[in-house]
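*Asks:* sequence-free structure coming up:
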């Protein structure tokens, strides 16, 4: 089955370039601004969008994304409102893949069957649920695949060759390689180590590999993209949102524009990397 995600990565391969995956937190700093940012991402150069679902206990996220989640929750963001954001985005964009990234608790409370139906109807293409290991595939992964949603699994520097087949067994869309050990935005990845890790993963799967955690600047994005099918940037964009807010934490005219500016710079850097370098 071809999803928007598989179609986009096929298009990137045909273009001979790696992709840019951008992460924002749904509802940060408020629903209207967050939707405006979401709508601006594709034109600025995002090939795939990860939309973070705010949660009160985001154990894999660093301080920047934790703070974004708290801002969103304070503003009343919910899973239902996040799905409504995707639906609103789809009114003007039927091509850009959207992946919801978050934790199982909000989905469990919403109801798995209801969530999968509503997510698919809204225009969600894939899920990254960081606290559901392969041993729990019956909970959400397999039902999501049956519903036509890609379930994207994380691989890390500590995922050895013995563990990797279990991680990849039901992964669809792409593999998300976490380039550092620890939380998001905590350190800068080593491009050479990442390239070697991606090559190792590709010995086990034909899926594209996107690399994230710790990529902040256009130069870093280009270096990582040279050894991957896509690079993921999240904390840096969330930091731009935070820096654009006024002293009361309210969005300003700079908020959307500043995110667009960084995404354009990141996209230009990534698009300058040839597919020959990535293979």
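*Replies:* Cool, the structure landed. Note that the coordinates shown come from a computational prediction; the quantities given were computed from them, not determined experimentally.

*Asks:* what's the burial count for residue 257?
*Replies:* Residues lying near residue 257 (other CB atoms under 10 Å) number 13. Every C-beta, even on glycine, is put in place using the N, C-alpha and C of the backbone.

*Asks:* also residue 91?
*Replies:* 9.

*Asks:* again, but for residue 13
*Replies:* Using other CB under 10 Å as the criterion, residue 13 is surrounded by 16 other residues.

*Asks:* which helix or strand contains it?
*Replies:* Per DSSP states H and E: residue 13 is located in helix 4-15.

*Asks:* give me the residues contacting that helix.
*Replies:* 18-19, 47-48, 95-99, 125-126, 150, 173-174, 208, 229-230, 275 (CB atoms under 8 Å, 6 or more residues apart in numbering).

*Asks:* let's go with 7 Å and repeat that
*Replies:* 18-19, 47-48, 95, 97, 125-126, 150, 173-174, 208, 229 (CB atoms under 7 Å, 6 or more residues apart in numbering).

*Asks:* who wins for most neighbours among the residues you listed?
*Replies:* With neighbours taken as other CB under 10 Å, the top of the contacts of helix 4-15 is residue 18, carrying 31 neighbours.

*Asks:* touching, it and residue 273? I think so.
*Replies:* Yes: at 5.5 Å, residue 18 counts as touching residue 273 under the criterion of CB atoms under 7 Å.

*Asks:* now do the buried residues in the helix or strand hosting residue 258.
*Replies:* Using DSSP H and E, residue 258 sits in helix 254-271. By neighbour count on 16 or more other CB atoms under 10 Å, the buried set for helix 254-271 is 255-256, 258-260, 262-263, 265-267, 269-271.

*Asks:* burial check on residue 112, number of neighbours?
*Replies:* 15.

*Asks:* biggest strand in the chain by residues?
*Replies:* strand 19-25 (DSSP state E).

*Asks:* same for that strand, what does it pack against?
*Replies:* When contacts are defined as 3 or more CB pairs under 7 Å, 6 or more residues apart in numbering; DSSP states H and E, strand 19-25 sits against helix 31-44, strand 48-52, helix 63-74, strand 230-233, helix 235-244, helix 254-271.

*Asks:* any idea which of the contacts of helix 4-15 is closest to residue 162?
*Replies:* Closest approach to residue 162 among these (CB to CB): residue 174, at 22.1 Å.

*Asks:* I'd guessed the closest one sits against residue 152; true?
*Replies:* Yes: counting by CB under 7 Å, residue 174 touches residue 152, with 6.0 Å between them.

*Asks:* which residues touch the helix holding residue 258?
*Replies:* Contact with helix 254-271 is made by 17-18, 20, 22, 33, 36-37, 40-41, 44-46, 218-219, 221-222, 225, 231, 233, 236-237, 240-241, 244, as judged by CB under 7 Å, 6+ apart.

*Asks:* dump the helices and strands packed on strand 19-25 to JSON lines, plus distance to residue 115.
*Replies:* Below are the helices and strands packed on strand 19-25 laid out as JSON lines (distance: least, CB to CB, whole Å):
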{"stretch": "helix 31-44", "distance to residue 115": "19"}
{"stretch": "strand 48-52", "distance to residue 115": "14"}
{"stretch": "helix 63-74", "distance to residue 115": "18"}
{"stretch": "strand 230-233", "distance to residue 115": "23"}
{"stretch": "helix 235-244", "distance to residue 115": "24"}
{"stretch": "helix 254-271", "distance to residue 115": "28"}
